[in-house]
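S.K.: Let's see this in three dimensions:
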Amino acid sequence: MDPPFSISRTIERYQTRAKDVGMSSKMVQDNIQPVKEDTFTLAKKIEDLEVSKTKLLGVGLEPCSIDELKQLENQLERSLTRIRSRKACPNQLLREQIQKLKGEEKILLEENTRLREKVLQCGMQPHELSSTKKNPQQLEDRRVMEVETELFIGPPETRLPPKP
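M.R.: I've put the predicted structure just below:
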């Protein structure tokens, strides 16, 4: 029977670890290839977007063919049409935002109701958090409360304490 710190046991552990490290490095190599491909693809997309952006800005249009220029013109016209339609109806954007906020409000009210029901099921009393049920004078006092600070607005030399 080998003692717990024998050389053969140490060599066996070393071989096991070396085999594990070899397997893990192979797995890393296998995972690197798809990442390299993704990186190359994303770099190509970024380059294409930058070229497209410069063309839309009117830079470097000399080597473009007539078809490419027509495509750029059509794309710019579509964009301008969308912008003009939004600009002509500023209320439309506000209406969309109001609808979105109303949807969010509805979701929050439903969640609030669900949470209140859970609190009641646990046998606890929910606290009144609604500001509409508070005393209006308390709300007014909170808005009018003044805070004194030692802030001073002026040239830097006037803020220094006087020299003795």
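S.K.: Where does pLDDT dip in the protein?
M.R.: Along the chain, the parts satisfying pLDDT under 70 run over 1-5, 21-25, 28, 125-149, 151-152, 154-164.
S.K.: That one: helices as residue ranges?
M.R.: Along the chain, the segments classed as helices by DSSP state H run 7-56, 66-88, 90-121, 136-144, 156-159.
S.K.: Just send the ones you listed back as TSV, with mean neighbour count too.
M.R.: For the C-beta atoms, the positions are set from N, CA and C on the backbone; glycine is no exception. Below are the helices of the chain laid out as TSV (neighbours: other Cβ atoms under 10 Å):
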stretch	mean neighbour count
helix 7-56	10
helix 66-88	11
helix 90-121	10
helix 136-144	9
helix 156-159	8
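S.K.: Identify whichever of the ones you listed lies nearest to residue 150.
M.R.: Each of the helices of the chain was checked against residue 150 via Cβ to Cβ, and the shortest separation belongs to helix 156-159, namely 10.3 Å.
S.K.: one step back: with distance to residue 150 as extra columns, can I get the helices of the chain in TSV?
M.R.: Putting those into TSV (distance: least, Cβ to Cβ, whole Å) gives the following:
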stretch	distance to residue 150
helix 7-56	51
helix 66-88	48
helix 90-121	40
helix 136-144	21
helix 156-159	10
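S.K.: Report the distance from stretch 81-100 to the chain centre.
M.R.: 24 Å (Cα atoms, centre = their mean, to the nearest Å).
S.K.: likewise stretch 75-93?
M.R.: Counting by Cα atoms, centre = their mean, stretch 75-93 is centred 27 Å from the centre of its parent chain.
S.K.: Show residues contacting that stretch.
M.R.: Around stretch 75-93, the neighbours that count as contacts under Cβ atoms under 8 Å, 6 or more residues apart in numbering are residue 56.
S.K.: Send me it as PDB with only the CA atoms.
M.R.: Taking Å, rounded to 0.1, in the frame of the first residue of the first chain, the C-alpha atoms of stretch 75-93 are listed here in PDB:
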ATOM      1  CA  GLN A  75     -33.100  56.500 -49.500                       C
ATOM      2  CA  LEU A  76     -32.600  60.100 -48.700                       C
ATOM      3  CA  GLU A  77     -36.100  61.000 -50.100                       C
ATOM      4  CA  ARG A  78     -37.800  58.300 -48.000                       C
ATOM      5  CA  SER A  79     -36.000  59.600 -44.900                       C
ATOM      6  CA  LEU A  80     -36.900  63.200 -45.600                       C
ATOM      7  CA  THR A  81     -40.600  62.100 -46.200                       C
ATOM      8  CA  ARG A  82     -40.600  60.400 -42.800                       C
ATOM      9  CA  ILE A  83     -39.000  63.400 -41.100                       C
ATOM     10  CA  ARG A  84     -41.400  65.800 -42.700                       C
ATOM     11  CA  SER A  85     -44.400  63.800 -41.800                       C
ATOM     12  CA  ARG A  86     -43.300  63.700 -38.200                       C
ATOM     13  CA  LYS A  87     -42.500  67.300 -38.200                       C
ATOM     14  CA  ALA A  88     -45.900  68.300 -39.800                       C
ATOM     15  CA  CYS A  89     -47.700  66.400 -37.000                       C
ATOM     16  CA  PRO A  90     -45.900  67.100 -33.700                       C
ATOM     17  CA  ASN A  91     -49.000  66.100 -31.900                       C
ATOM     18  CA  GLN A  92     -48.800  62.600 -33.400                       C
ATOM     19  CA  LEU A  93     -45.500  62.000 -31.500                       C
END
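S.K.: Fine, thanks again, bye for now.
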